[in-house]
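Q: I need the structure of the sequence given here:
(2 chains)
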Amino acid sequence: MKQASSPLWPTLLGAACLLTLTGVLHAAPTEQQWKTVNHTLVTEHILPRYQHLAESSSALQSSTAALCQQPDQAHLDAAQQAFHRTMDDWERVQHIQFGPIENLMRNFSMQFWPDKKNLIGKQLNILLAEQDPATLKTDALYKASIGVKGLPALERLLFTGQLSELENHSYRCQLTSTIAAYVAENSAATVTEWQQEYSPSVFNAGSEDSYYDDHQEVAVDMLKSLVEPVEAIRDQKILRPLGNGEKVRPRRSESWRSERSIRNIQLNIASLQDLYEGHPDNVANLLRQQGAAAQADQISGLFSDIITQLKTIKGPLTTTLYQPQTVTQLQQVSASLKQLDLALNAAMQTLDIQLGFNSRDGD
Amino acid sequence: METNRRRFCQLLGSAVLLPSLLSGPVFAGANKTTAKPLFASAAQDRDGNYHLYLIGEQGEILLDHPLQGRAHHTEAHPSVPLLACTARRPGRFIDIIDYREQRLVKRILAEEGRHFFGHSIFTEDGRWLVTTENELSTGQGRVVVRSLADDYAIIADYPSHGIGPHELTQQPDSDVLVVANGGILTHPDHGREKLNLDSMQPSLVRLDLHSGELLEERMLPKEQHQLSIRHIDTNAEGITAIALQYQGNIGDNPPLVAIHQPHQPITLLQAPEAINIAMKGYCGSVRCDHSGRYAAVSAPRGDLISFWDLEQQTFISSIKSRDGCGLTATTHNGEFIISAGTGRCLQHNLDTGHTRRLQQTVKTAWDNHMTSIPS
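A: Presented below is the predicted three-dimensional model:
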């Protein structure tokens, strides 16, 4: 036996080395690792953010109702502040595009944007012209055009027009309050559904009643939420307003009426960074465990760079976008976002994650 | 056009039909002699390389043909072991592969100033390969016929009567082609950018194979002009199922499936609201089942496959398939195979309502379309 086994050693060693080598090259996080990261992201990233949105939108509902009771400048200011807090919370969770927020197009109902054909303006004007009291119920809004249900419609109602238009229990004021109630209802339902249905589905991936076949499949949704918004933010929130080198178009920026376009992007990036490395079991650490520390650090560095770059940009873009300095600064952010997009896509390969082939690039 | 018809008649008279192929050897590998091919599909491996695979009934790889770029649709010849794998828009190659001999028989390259749109079909009699093509100088679509007996020489070149022709079918037992003009103008100088979304006008046309004559042209109602007619399948009765892709605002939630019977307007079908919304304005593929009564339509962005009754013109059901896109019918009525970008393949039977996962030895991202192999 001894004699027979000794010539085998080099072969076995070789095989072992080969296995180790391929192991390193093609290592992918285990189901258990994904399960842990997914659990952390649901409980510490997603649920608290929807919870905050439900709270701030409920406060917005109260303050718009109070505004209609007492339509003075102080109450308008309060309603505008409540709108800002709701928008803050929405922008902090805008990147999550799966789960209950997808139910019956809730995500579009919350924020229909970009609105290239001015659907919101047109639909809102129809409602304001008709002044049909039947439309002043949240039930009616479920059937209404997608343009008049959400935050952009509220922004128009609260940040344009005169205070006098909100007086005497005007239709305009009551519509504002109804839309705010609808947004609050949708936000609350999203939290409830995450708590009662979707979280168990994530935690028990692979079980009979889960929406998911395994934990890696959940990770695909989590990582889509990390990767896909980077390009979307760059294209929609930066390059479109920049007008591709031609004339700048500040009114193409998000939330220009409430003058918070840059703040939105800052909140988006901070949220993506939080998803990436904000909690103990995170994507960055998974990358490091795959032996890709350099890749992990590069992505961390890009997040920090972009956050720093964004801090220097002065708003509101409705005026500052006409200054060459702002254009240059936004172009820098755009270039960094491009780098971040490339780095994140490379990281997906390291993590053996296919974000989508036909869904993202079909024909 | 007269020239085309004369050329056709001459070729129809010739008796030679691919003699070498008809007597070709069986599979080279020992395990491949008895293996029955299940489906063929283009795919991308994890290193980003493109392949055409032929997969056997046990999930084994019967053919692994490296492709020079991303392909789209693969067509199986009706009687000989040939596959035609067409480059994805705006690619310029079609690989013709003999899967028994495991060799590339021919690489067709698009003519100067042309590119393919990802689809080609063999005619029922097995004599012609028909492609949809883009004529770059005019932006107009073309339908081109090549002769197998003549080393794939072009023998006819017709206008598609629209922009961006995509998938095409042949109406059974007839010399009639059905062509989906997607309506979207693209030019390789602008990559895959869509250049005419505001004015696009998709159409479904029926053409005479031998003359190119326009037999019928159907458009969608004006307000639906941004519904691109891209993927079609025609059943034995000549009814065409249509899978649409919406280029307008996703919030419009338009119908995404349609049916066309010859000499009648196109009928748009809408899934129940929640399903229609979940399809996210985008269908990737459509196939009729073996009986021809049912159709499956994939919605890869919505991770779901919907099933339709073409006779009743109604939605039947849907199943989940993450990134599922490729579809083909099995030889059982109401049964389909679904391939996905995740690498998974499912088989779903409408009768039993059961879905099962197919065993596979290869882990690869299955591309847009799959095709079963005639037995």
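Q: partner residues bridging B:Ala40?
A: Residues in a beta bridge with B:Ala40, per DSSP bridges, are B:Leu54, B:Thr371.
Q: mind listing what whichever residue of the stretch 51-200 of chain A sits closest to chain B touches?
A: Residue nearest to chain B within the stretch 51-200 of chain A (C-beta to the nearest C-beta): A:Ile146, separated by 4.0 Å. Where you see a C-beta, it was placed from the backbone N, CA and C, and this is true even at glycine. The neighbours of A:Ile146, taking C-beta atoms under 8 Å, 6 or more residues apart in numbering or on different chains as the test, are A:105, A:108-109, A:112, A:119, B:251.
Q: Now distance to A:Asp72 too, for the residues you listed, in JSON lines please.
A: Putting the contacts of A:Ile146 into JSON lines (distance: C-beta to C-beta, whole Å) gives the following:
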{"residue": "A:Met105", "distance to A:Asp72": "36"}
{"residue": "A:Phe108", "distance to A:Asp72": "34"}
{"residue": "A:Ser109", "distance to A:Asp72": "30"}
{"residue": "A:Phe112", "distance to A:Asp72": "30"}
{"residue": "A:Leu119", "distance to A:Asp72": "32"}
{"residue": "B:Gly251", "distance to A:Asp72": "36"}
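Q: Now the two most distant members of these.
A: With distances taken as C-beta to C-beta, the most widely separated pair in those is A:Met105 and A:Leu119, at 13.8 Å.
Q: so how far is chain A from B:Thr361?
A: With distances taken as C-beta to the nearest C-beta, to the nearest Å, B:Thr361 is found 16 Å from chain A.
Q: Report how many residues lie close to that residue.
A: A count of neighbours around B:Thr361, defined by other C-beta atoms under 10 Å in any protein chain shown, yields 10.
Q: And the contacts of A:Ile146, which of them are buried?
A: The neighbour-count test (16 or more other C-beta atoms under 10 Å in any protein chain shown) applied to those identifies A:105, A:108-109, A:112, A:119, B:251 as buried.
Q: can I get the residues you listed in CSV with secondary structure and distance to B:Gln170?
A: As requested, the buried ones among the contacts of A:Ile146 are arranged in CSV below (DSSP: H, G, I helix; E, B strand; the rest coil; distance: C-beta to C-beta, whole Å):
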residue, secondary structure, distance to B:Gln170
A:Met105, helix, 39
A:Phe108, helix, 40
A:Ser109, helix, 44
A:Phe112, coil, 43
A:Leu119, helix, 42
B:Gly251, helix, 38
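Q: What distance do you get for the residue of the stretch 51-200 of chain A closest to chain B to A:Arg257?
A: If you measure A:Ile146 against A:Arg257 using C-beta to C-beta, to the nearest Å, the figure is 19 Å.
Q: same thing with B:Ala329?
A: With C-beta to C-beta as the criterion, B:Ala329 and A:Arg257 are 53 Å apart.
Q: still on that earlier bit, and which of the buried ones among the contacts of A:Ile146 is nearest to B:Ser160?
A: If you rank the buried ones among the contacts of A:Ile146 by distance to B:Ser160 using C-beta to C-beta, B:Gly251 comes first, at 31.4 Å.
Q: Show the contacting residues for that closest one.
A: Going by C-beta under 8 Å, 6+ apart, B:Gly251 touches A:105, A:108, A:112, A:119, A:146-147.
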